[in-house]
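Chemist: Sequence and predicted structure, then a few things I'm wondering about:
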Amino acid sequence: MKLGENARVILGNGYSSNAYFFGSPEGTLCIDAGTDEAAFRENASDSPKILLTHGHADHWLAAAREKLFLHEADINCFGELNSMFGGLPTPQLEKLPRSFEWGDFSFKVIETPGHTPGSVCFFEEKNKWLFSGDTLFAEGGVGRTDLPCGNREALEASLKLLESLDYSLLLPGHGAAEE
Ligand SMILES: [Zn+2]
Ligand SMILES: [Zn+2]
């Protein structure tokens with residue numbers, strides 16, 4: 001599904017997260033990759049750049065062979081975060097930048113701990129798109145905090161922070177977008 005010029009989404013099937021793709025002359029940037037490797041490869045260039053909203057495997061398994069950029073707090077508890085998934089490959093992890101440009105897009109990283117300690121949202125400043133991972137969903141749904149390293153109070157503070165943000169479209173880690 002197209003989001004706009006040079007931006008598209010694969011909505012997750014089953015437990016897979018959504019995957020968002022941004023094209024530029026440098027190749028593809030992805031926010032989360034989901035679990036479907038064939039669908040991921042179809043939409044990504046060679047050597048795509050992959051940024052994760054957090055470390056849960058339903059957001060990166062499709063891209064396990066690529067380098068994954070992730071908040072440091074989730075790098076530090078990556079094993080524990082994924083202890084509920086069995087038999088996972090071990091991907092190469094790198095620290096997320098604080099902001100980055102990609103083609104016509106300009107992203108800011110917003111730290112929103114709670115669902116996991118290193119959960120982030122990505123705010124695309126030109127279109128005012130908010131990629132909210134598993135922190136906030138359509139229709140007011142919020143992330144679970146009962147999984148390893150989850151923290152309810154931190155999530156509530158993060159949701160408050162998002163409320164103060166002027167976004168026009170919410171693009172969550174699972175389910176449909178919301179205006
Ligand atoms: Zn998820
Ligand atoms: Zn999650």
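Modeler: Received it, and whenever you're ready, just let me know what you need. Numbers count the residues shown, from 1 in each chain. Ligands and ions are numbered 1, 2, ... in the order given.

Chemist: which residues in this structure form strands?
Modeler: In the chain, strands defined by DSSP state E lie at 2-4, 7-10, 19-24, 27-31, 49-51, 67-70, 92-95, 99-102, 105-111, 120-124, 129-133, 169-172, listed in chain order.

Chemist: Kindly reformat those as a markdown table containing distance to ligand 1 and mean neighbour count.
Modeler: Backbone N, C-alpha and C define where each C-beta goes, glycine included. A markdown table is the format used below for the strands of the chain (distance: least, CB to the ion, whole Å; neighbours: other CB atoms under 10 Å):
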| stretch | distance to ligand 1 | mean neighbour count |
| --- | --- | --- |
| strand 2-4 | 19 | 13 |
| strand 7-10 | 14 | 19 |
| strand 19-24 | 11 | 22 |
| strand 27-31 | 13 | 23 |
| strand 49-51 | 15 | 23 |
| strand 67-70 | 14 | 20 |
| strand 92-95 | 17 | 13 |
| strand 99-102 | 22 | 14 |
| strand 105-111 | 17 | 18 |
| strand 120-124 | 13 | 25 |
| strand 129-133 | 7 | 26 |
| strand 169-172 | 9 | 20 |
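
Chemist: Skip the chain neighbours and tell me the closest residue to the spatially most central residue of the chain.
Modeler: What sits nearest the mean C-alpha location of the chain, by CA atoms, centre = their mean, is residue 53, with 3.0 Å. Excluding the flanking residues, the one nearest residue 53 by CB to CB, 6 or more residues apart in numbering is residue 133, at 2.7 Å.

Chemist: got a pLDDT number for that neighbour?
Modeler: Note on residue 133: pLDDT of 98.

Chemist: Please identify the residues of this protein in proximity to ligand 2?
Modeler: By the rule CB under 5 Å from the ion, the part of the chain lying against ligand 2 is 56, 134.
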